[in-house]
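*Asks:* Fold the stuff below for me.
(chains A and B)
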Amino acid sequence: MKNYILKRVLNLILMLFAVSIIIFLLVRLIPGDPARTLAGEHASLEILETMRKKWGLDKPILEQYLIWLKYAFRGDFGQSILTHESVLKEILQRFPNTFELSVFAMIFASLIGISAGVISAIKRYTIFDYTTMFIALFGVSMPIFWLAIMLVLLFSIKLNLLPTGGRISVYYSIKHITGFYLIDSLITLNFGSFFNVLKHLILPSIALGTIPMAFIARITRSSMLNVINQDYIRTARAKGLPEKTVILKHALKNALIPIITSAGTEFAMLMGGAVLTETIFSWPGLGTYIVQAVNARDYPVIQGAVIFVALIVAIVNLIVDLVYAYIDPRIKY
Amino acid sequence: MKRILLLTVVAVLLVSLFYGCTPKASQPVTLVFAKAGDAVELDPADVTDGESVTVMNNIFEGLVRYKPGTTEIEPWLATSWDVSSDGLSWTFHLRQGVKFHDGTPFNADAVVFSYERQRDPEHPFHKYGKWEYWGYCFSEIAKTEKVDDYTVKITLSRPFAPFISTMAMFTVNVVSPTNCEKWGDQWFAHPVGTGPFKFVEWVKGDHITLEKNQDYWGEKAKIDKLIFKVVPDASQRYLALQKGEVQGIEFPNPDDLSKIEQDPNLAILSQPGVNVGYLAMNVGEDTPGFQKPFGDVRVRQAINYAINKKAIVDQLYKGTAVVAKNPIPPTLWGYNDAIQDYEYNPTKAKELLKEAGYPDGFKTQLWAMPVSRPYMFDPQKIATAIQADLKAVGIDAEIVSYDWGTYLQKTENGEHPMALLGWTADYADPDNFLYVLLDSDSATVGSAGNIAFYRNPEVHKLNMESQKETDQAKRIELYKQVQQIVHDDAPWVTLAHAKQILVFSKKVQGFVLYPTGDYHFESVTISQ
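*Replies:* Alright, predicted model coming up:
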């Protein structure tokens, strides 16, 4: 197990290295340079030259990369061209927002997705099964922004239950300790803010969780159907175990592996930030941050953020693999 | 047991839905304004984006300012100024008894610090900024000196009358030197000025909170708190306004405007800003994109007659702009209203083309920006409309586009025969349009602001005269002549001046629109 983790970590370092080279070259291949983009309609060669020099863009690409690498090893991803802020600091400010939303979206997706999948499998070829799978198909193919706007129209405007967007109402304040609003408000025993943050999480979580939910429901159903026909399930039933125990303990646990794989992948994808959901719900997450950086050709930010996201995705994948071993004792590393 | 636990959790969650729906009663008078984007920095000298500027308008002040709602200059932190007869040295007499929000007294030292840190590469604070706008608009300033505690002398390298208009820009707002020393390179996130509102908090990507400056030297703000909330999606801003989560929004979706007009609780404020969207025809024979037909004034006039500007403004700008007949907008002083615009007249266009020797038209390219700009929301659609109008008079124009940075570079190189572009003025002075966009000085291949490469010696002479002339009435006359010549020579099709549009709840009163697009909230009141 220890060896396995060590090997994976080494792999991860190599992978980050490769990603850094690719992204470094890629951002420089997008036409349009940061100085030009920032200056807009203002045309002055001297100013553009000064800017390029200041950001080191006048040096050969290899030299630029080595300088960047030297600092990156010390955990310094440089400064944003646009805002002057440390890139790492900005990423760490936004990451908790994305993480909190992703976790809630995944809770929503897993709870509903797994339940719907299990019930569909048990009640195969009934009206419930057809309806659920139709909704799941609909969920996978639905444009998120449309769903998001419909949710806001219904729950915020018509029913007036939930806010239209944002992390927290401007009338509440939160002391920033960890950056995770729910945790921060709990630590400071600020329950008003806690519930307010919770309310702000509901609609974006549903919007963001719908596609993973539909996905999980479909995988759960097929995986459960596979398991239900196995001999050990028949044995369990023959032993006279209650149907609930058979389904939840014997069948579901064995059906979990593919579900966890797909849920893990979905979760990792959410962590990269969800541009549409973030834009519609005014959610200051990683997705909009990266898009802004690409539009402004803010090289240090694009590089830093992409590597950060790659790291997170790799870590989530590693955790998923380790969880296998826990769920299925036959898997050994 | 498990069930009871589950039920409790569900109950708590449900209760939380309704908990704290309304703000508490003893709240300070707060205005929440929804912005399309977050500020980038809060150092007035180091920003280039409107989202930062509109926040800082309320925190910082300059030596002069625009009279509310106009483009006229009035004294502000300076009570008066004198200009030497050669137009080179400007002496400003500063207002006494003004303090920054951190208690630092406002005086000549603060002014010298604010300007010299941008100009002088040796200044200890120069390294903390990019200072782009200093390069764009203040390169005439040779130095800023303290004469005494309340007098500052600014020396220019050449006589430049628009200088006084540039002094109303955010770039030369005065900042607290003590505060800059305290924060060093992080100062841009902790702004301290002399304005009617004080900075409280900035949650990046989410909101910026300001509060009333109780010790303000002038008339104090009427609201206690001002919050700029970031809501990137236009429809969401409108929904949040409808729901009362915010009391004002910027950049509403043009499609929502008719609905907003019918809403009895909302009020639309709009007026043309100091901007222009235009179609430039390349007349520069030394540029790679030059095509012979555009060298003939009759062809350029024909194109002016061929394009249905009103249809473009009505259908593509969706009423969020006014048709432009001059390069400068009607809200700017010096506007020549006597000019008769080219009317939409395809028959006349065809006649002119025939006269010029192109009875069957010709083949050309029409370049269009890939991005939405404040002066042109949908350049690609506008290009398609122009393409169709030109086709109707026989001109076959292929639409060409590049990414934004490359587009700018290539148009500055003059690689286009015809290109769409526009301009939002940095400061409210006709010079910032007529010199920057249409003077021969600005038509250098490779770094052209004048992408029509229009080089009329008469225009240049008038522009130069006006830069030296400090008498405003005379300058107005000179600029009116420039506009007439440009109209007759027709290097552009002036398309539109985009309107600045804000929507407020009817409870909010007293907001004044500035043609420059500045937001000042000190005069705003909210009725309960």
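
*Asks:* low pLDDT regions in the chain?
*Replies:* Just so you know, I chose chain A. Of all residues in chain A, those with pLDDT under 70 make up the ranges A:333.

*Asks:* right idea, wrong chain: chain B
*Replies:* Judged against pLDDT under 70, the low-scoring parts of chain B cover residues B:1-26.

*Asks:* Tabulate the CA atom coordinates of stretch B:318-335 in PDB.
*Replies:* Only the C-alpha atoms of stretch B:318-335 are listed here, as PDB (Å, rounded to 0.1, in the frame of the first residue of the first chain):
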ATOM      1  CA  LYS B 318     -31.600  47.600 -29.800                       C
ATOM      2  CA  GLY B 319     -32.000  51.300 -28.900                       C
ATOM      3  CA  THR B 320     -29.000  51.300 -26.500                       C
ATOM      4  CA  ALA B 321     -27.200  53.900 -28.700                       C
ATOM      5  CA  VAL B 322     -27.800  57.000 -30.800                       C
ATOM      6  CA  VAL B 323     -26.900  57.400 -34.400                       C
ATOM      7  CA  ALA B 324     -23.500  59.300 -34.700                       C
ATOM      8  CA  LYS B 325     -23.000  62.100 -37.300                       C
ATOM      9  CA  ASN B 326     -19.800  63.300 -35.800                       C
ATOM     10  CA  PRO B 327     -16.800  61.500 -34.300                       C
ATOM     11  CA  ILE B 328     -17.500  63.200 -30.900                       C
ATOM     12  CA  PRO B 329     -20.700  62.600 -29.000                       C
ATOM     13  CA  PRO B 330     -23.400  65.200 -28.500                       C
ATOM     14  CA  THR B 331     -22.800  65.100 -24.700                       C
ATOM     15  CA  LEU B 332     -19.300  66.500 -25.200                       C
ATOM     16  CA  TRP B 333     -18.600  70.300 -25.500                       C
ATOM     17  CA  GLY B 334     -17.500  71.400 -28.900                       C
ATOM     18  CA  TYR B 335     -20.000  69.100 -30.700                       C
END
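
*Asks:* So the closest residue to B:Ser139 other than its chain neighbours versus B:Lys143, what's the distance?
*Replies:* Once flanking residues are discounted, B:Ser139 sits nearest to B:Ser157: 8.0 Å by CB to CB, 6 or more residues apart in numbering or on different chains. Every residue, glycine included, has its C-beta placed from N, CA and C. Separation of B:Ser157 from B:Lys143 (CB to CB, to the nearest Å): 9 Å.

*Asks:* Which one of the two is surrounded by more residues?
*Replies:* Neighbour comparison, B:Ser157 and B:Lys143: the larger count goes to B:Lys143, with 14 against 11 (by other CB atoms under 10 Å in any protein chain shown).

*Asks:* Where do the helices of the stretch 51-200 of chain A begin and end?
*Replies:* A:61-73, A:87-122, A:127-141, A:144-151, A:181-187, A:191-228 (DSSP state H, counting those that start in this stretch).

*Asks:* Kindly report the same for the stretch 201-333 of chain A.
*Replies:* Using DSSP H, counting those that start in this stretch, the helices assigned to the stretch 201-333 of chain A run over residues A:231-238, A:243-245, A:253-271, A:275-280, A:286-296, A:299-327.

*Asks:* Quick one: distance of the last one to the chain centre.
*Replies:* Meaning helix A:299-327. A distance of 10 Å separates the C-alpha centroid of helix A:299-327 from that of its chain, computed with CA atoms, centre = their mean, to the nearest Å.

*Asks:* Equivalent analysis for the shortest one, please.
*Replies:* The gap between where helix A:243-245 is centred and where its chain is centred comes out at 34 Å by CA atoms, centre = their mean.

*Asks:* hmm, back to that, who wins for proximity to chain B among the helices of the stretch 51-200 of chain A?
*Replies:* In this view, the helices of the stretch 51-200 of chain A are compared for proximity to chain B by CB to the nearest CB, and helix A:191-228 is the closest at 3.9 Å.

*Asks:* Mind listing the strands the lengthiest strand in chain B pairs with, and their directions?
*Replies:* Using DSSP state E to define each element, chain B has its longest strand at strand B:492-505. If you go by DSSP bridges, strand B:492-505 pairs up with strand B:248-250 (antiparallel), strand B:266-272 (antiparallel), strand B:275-281 (antiparallel), strand B:321-323 (antiparallel).

*Asks:* what element comes up after it heading to the C-terminus?
*Replies:* The first helix or strand that comes after strand B:492-505 along the chain, using DSSP states H and E, is strand B:508-509.
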